[in-house]
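*Asks:* show me how the following folds:
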Amino acid sequence: MVLQHHFTWQVLFRLTTATAFACFASSGAMTQEKDTYLVTEFGATADDDVLDTQAFQKAIDVAARHGGTVRAPKGRFITGRLQLPSGVRLFLEEGAVLQGSADFRDYGQGRWTDSFLFAENAERITIEGPGTIDGADCEIPGGEEGFRGPHAIRFVRCRNVTIRDVTITRAGNYAVLCNDSEDFLISGVKFRGGHDGVHAQACRRFRVVDCDFRTGDDCLAGCDNVDFEVARCQINSSCNGFRLGCVHLRVHDCRFWGPGEYPHRITIKKGKPRTNMLSAFVHFAPTDRNPKLPSDDWLIQNCTMDTVDAVYLYDFEKGVWQTGQPAKRLVFENIRAQNIALPLRVLGDKDRQFDLTLKNVLIALRDDRADQPVLDIAQFGRLNLENVVLQNSGKQPVLRARDGREIHLHHVEAKPTNPQPFLWSNVEKVSQD
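*Replies:* So this is what the prediction gives:
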């Protein structure tokens, strides 16, 4: 029943997004045939320390009026905040670096909402590489956690947006922050350092494909989202791969690995840089955001995980930023996870709405953390394991479950052999074969 539901929403989501992305793909092709506006013709000069904000903004405004393309040639250009209107295409050539100012005052008034590139109530925007957007690690004194600066790119109530083939590095805060926006394609983007890679709040119909995340904070984050697909991505973080709240999420053909190549920025400030990757997936529904939607209908397929602390974490009672809305249905299929430090741990809500399916899954704890269960779940509806291998030291059960409605085990193997591999209590129905 769960897989059938996934099939239904995937078909509808693909049909909807195919139509939407076809529209703004054709729109992008049209802009390439129209006028191109070279920023140097508007007074921008490469490889100096003079702000080119006015030159870039004038080129952007002119291009938007005529449906054209703003082109930045090879070289380093420094600007402050740039506003992106509807219909603009920003193209960064090979070797072009659009670098943010090191002075936070060039982005606004030192507020958390400040950003390098900004669009509000806009549509049909394209940001395209192969050049680089460099946030210069700009900080705001007294900002979030005492130092966080402007976001690299921020969208508010925008639609039909493409970000393709650029590198986003050293963002002062999030690399891409989206609020109440829809129909986004983020493709072939490299995220390096900074904080969160893509942070989406109350967004709809996002595709993130062929991207390479190597971030100091979460790779993908946010809550109250609907219809997200993440495919063929590289996921490396010194925090979490996904700290996400979403209804209808499909993640497939992705590689997760730790430790993080870029240290967690907060721990750097504290003088104790941390690089361990905390979890591949974490439920995210912080109470202080008043989330409206649960996390529901997740399908994670054809992924590998290596040297990540946990595969998935959810604690509805005491979990950090997890108690605003529950998580419900989650399916892991064709997953190989090794060198894992913590159990896949779930403490669901009192109504036991959480259903978990593992199908064709291997989870192996790393040697120095192997004396514990691999899967620890409580307050759940249905637990379904099919063709699953769970590996620990053999000194503890590989599965510990309590306070659930139903457990179904089909071809579940504990490695090494354990006389009591499964332990459950207060479970209404158990079937095992």
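*Asks:* every contact and neighbour count from this point should use C-alpha atoms.
*Replies:* OK.
*Asks:* next helix or strand past the host helix or strand of residue 250?
*Replies:* Taking DSSP states H and E as the criterion, residue 250 maps to strand 240-252. Moving toward the C-terminus from strand 240-252, the next helix or strand (DSSP H and E) is strand 255-257.
*Asks:* circling back: the strand holding residue 250 pairs with which strands, and in what direction?
*Replies:* Strand 240-252 sits in its sheet next to strand 220-231 (parallel), strand 279-283 (parallel), strand 296-306 (parallel), going by DSSP bridges.
*Asks:* want to throw the ones you listed into a markdown table with mean neighbour count, distance to residue 370 and mean pLDDT?
*Replies:* Shown next, in a markdown table, are the strands paired with strand 240-252 (neighbours: other C-alpha atoms under 10 Å; distance: least, C-alpha to C-alpha, whole Å; pLDDT from 0 to 100):
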| stretch | mean neighbour count | distance to residue 370 | mean pLDDT |
| --- | --- | --- | --- |
| strand 220-231 | 24 | 29 | 98 |
| strand 279-283 | 26 | 17 | 98 |
| strand 296-306 | 21 | 15 | 98 |
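*Asks:* using TSV, lay out the ones you listed together with distance to residue 48.
*Replies:* Listed next are the strands paired with strand 240-252 as TSV, based on distance: least, C-alpha to C-alpha, whole Å:
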stretch	distance to residue 48
strand 220-231	34
strand 279-283	41
strand 296-306	43
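*Asks:* out of those, flag the one nearest residue 190.
*Replies:* Among the strands paired with strand 240-252, strand 220-231 comes nearest to residue 190, with 13.1 Å by C-alpha to C-alpha.
*Asks:* centre of the chain versus the closest one, how much separation?
*Replies:* For strand 220-231, the separation from the chain centroid amounts to 7 Å (computed by C-alpha atoms, centre = their mean, to the nearest Å).
*Asks:* what sits up against the helix or strand that it is followed by?
*Replies:* Next along the chain after strand 220-231, taking DSSP H and E as the criterion, comes strand 234-237. If you take C-alpha atoms under 8 Å, 6 or more residues apart in numbering as the criterion, strand 234-237 is touched by 210-219, 241, 254-262, 275-277.
*Asks:* sorry, back to before: wait, which of the strands paired with strand 240-252 is closest to residue 86?
*Replies:* For the strands paired with strand 240-252, proximity to residue 86 was assessed by C-alpha to C-alpha; strand 220-231 is nearest, at 23.1 Å.
*Asks:* residue 272 - how many residues pack around it?
*Replies:* 12 (other C-alpha atoms under 10 Å).
*Asks:* I meant residue 39, not that one.
*Replies:* 22.
*Asks:* distance of it from residue 348?
*Replies:* 54 Å (C-alpha to C-alpha, to the nearest Å).
*Asks:* one more: residue 367?
*Replies:* 28 Å.
*Asks:* have a look at those two and say which one is more surrounded.
*Replies:* When neighbours are counted by other C-alpha under 10 Å, residue 348 comes out ahead of the other of residue 367 and residue 348, with 25 against 13.
*Asks:* could you check the pLDDT of the nearest residue to the more buried one once chain neighbours are set aside?
*Replies:* The shortest distance from residue 348 to any non-neighbouring residue, by C-alpha to C-alpha, 6 or more residues apart in numbering, is to residue 379 (4.9 Å). pLDDT for residue 379: 98.
*Asks:* also residue 267?
*Replies:* 89.
*Asks:* so who does residue 286 touch?
*Replies:* So residue 286 contacts 320-325 (C-alpha under 8 Å, 6+ apart).
*Asks:* which of the residues you listed sit farthest apart?
*Replies:* 320 and 325, at 12.3 Å, using C-alpha to C-alpha across the contacts of residue 286.
*Asks:* of these two, who's got more company?
*Replies:* residue 325 (23 against 15).
*Asks:* right, and the more buried one touches residue 291 too?
*Replies:* Yes. Between residue 325 and residue 291 there is a contact at 6.5 Å, judged by C-alpha atoms under 8 Å.
*Asks:* touching both of those two, which residues are there?
*Replies:* Applying C-alpha under 8 Å, 6+ apart, one finds that residue 325 and residue 291 are jointly contacted by residue 285.
*Asks:* quick revisit: now a PyMOL select for only the buried ones of the contacts of strand 234-237.
*Replies:* This is how PyMOL selects the buried members of those, with burial counted by 16 or more other C-alpha atoms under 10 Å:
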select buried, resi 210+211+212+213+214+215+216+217+218+219+241+254+255+256+257+258+259+260+261+262+275+276+277
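*Asks:* which of the contacts of strand 234-237 fall within strands?
*Replies:* 212-215, 241, 255-257 (DSSP state E).
*Asks:* a markdown table please, covering these and showing distance to residue 180 and pLDDT.
*Replies:* Output for these, formatted as a markdown table (distance: C-alpha to C-alpha, whole Å; pLDDT from 0 to 100):
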| residue | distance to residue 180 | pLDDT |
| --- | --- | --- |
| 212 | 24 | 98 |
| 213 | 23 | 98 |
| 214 | 25 | 98 |
| 215 | 24 | 98 |
| 241 | 22 | 98 |
| 255 | 28 | 98 |
| 256 | 28 | 98 |
| 257 | 30 | 98 |
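*Asks:* which members of those residues are the farthest-apart pair?
*Replies:* Using C-alpha to C-alpha, the ones in strands among the contacts of strand 234-237 reach their maximum pairwise distance at 215 and 255, which is 14.3 Å.
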